[in-house]
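*Asks:* What shape does this take:
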Amino acid sequence: MSQPANERPTKTVTPHLVCRDANAALDFYRRAFNAAERFRMPGPDGKTIMHACIQIGDSPVFLVDENPQWGSFSPASLNGTPVTIHLQVDNVDELYAQAIAAGGTVKMSPADMFWGDRYGVLIDPFGHQWSIATHRQDFTPEQIVQNMKAAFGDGTCAAA
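*Replies:* Reported below is the predicted structural model:
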């Protein structure tokens, strides 16, 4: 029997991350993003993760170990990722520092952005890219365009 959408344990969109060493990834996400583990299902070998679920804030995230035989590759095997996972938080500077201390790599340190967020980007030890933001100021669409032109006026990104 199916559950109504508003009663399901997932949201409309739930990221499903493929990781090389999903056990280590589960530990990193706990330390970096205060993730709570909801469940972990080991694979037939008892070591790899066939399926796991964590919760970051109010959102579930699924994880699995990469398995090339099933066509399941991690960013480590693909030399990076074109996907960014976004976290909206109360204090970007605090959580960003926590994630870097847990083993993340700085891609863009938190800074005030032209659209009104304080925003930063990091790469986790498994190759996944995370943007983290705290909303600071509301702008109209016209103000955002003006702020963007000021930030990129010469074709490069200046302070917002």
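
*Asks:* Read off the pLDDT value for the spatially closest residue to residue 91 that is not a sequence neighbour.
*Replies:* In space, and not counting its chain neighbours, residue 91 is closest to residue 134: 6.1 Å by Cβ to Cβ, 6 or more residues apart in numbering. From N, CA and C alone the C-beta is placed, and that goes for glycine too. Per-residue pLDDT puts residue 134 at 97.

*Asks:* go on, the one 10 residues further on?
*Replies:* Residue 144 carries a pLDDT score of 95 in this model.

*Asks:* What about it, how many residues nearby?
*Replies:* 15 (other Cβ atoms under 10 Å).

*Asks:* May I have stretch 52-61 exported as PDB, CA atoms only?
*Replies:* Backbone C-alpha positions of stretch 52-61 (Å, rounded to 0.1, in the frame of the first residue of the first chain) are rendered in PDB as follows:
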ATOM      1  CA  ALA A  52      22.100   3.800   3.600                       C
ATOM      2  CA  CYS A  53      20.200   6.900   4.600                       C
ATOM      3  CA  ILE A  54      21.300   9.900   6.600                       C
ATOM      4  CA  GLN A  55      19.300  13.000   7.500                       C
ATOM      5  CA  ILE A  56      20.900  16.500   7.200                       C
ATOM      6  CA  GLY A  57      18.600  19.000   8.800                       C
ATOM      7  CA  ASP A  58      15.100  18.100   7.500                       C
ATOM      8  CA  SER A  59      16.400  16.300   4.400                       C
ATOM      9  CA  PRO A  60      17.300  12.700   3.700                       C
ATOM     10  CA  VAL A  61      20.300  11.700   1.700                       C
END
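
*Asks:* could you give the mean pLDDT of that stretch?
*Replies:* Across stretch 52-61, pLDDT averages out at 96.

*Asks:* Going along the chain, name the helices of the protein.
*Replies:* 22-33, 75-78, 92-101, 141-152 (DSSP state H).

*Asks:* Can you spell out which helices and strands pack onto the third one?
*Replies:* Read it as helix 92-101. If contacts are counted by 3 or more Cβ pairs under 8 Å, 6 or more residues apart in numbering; DSSP states H and E, helix 92-101 sits against helix 22-33, strand 105-112, strand 117-123, strand 129-135.
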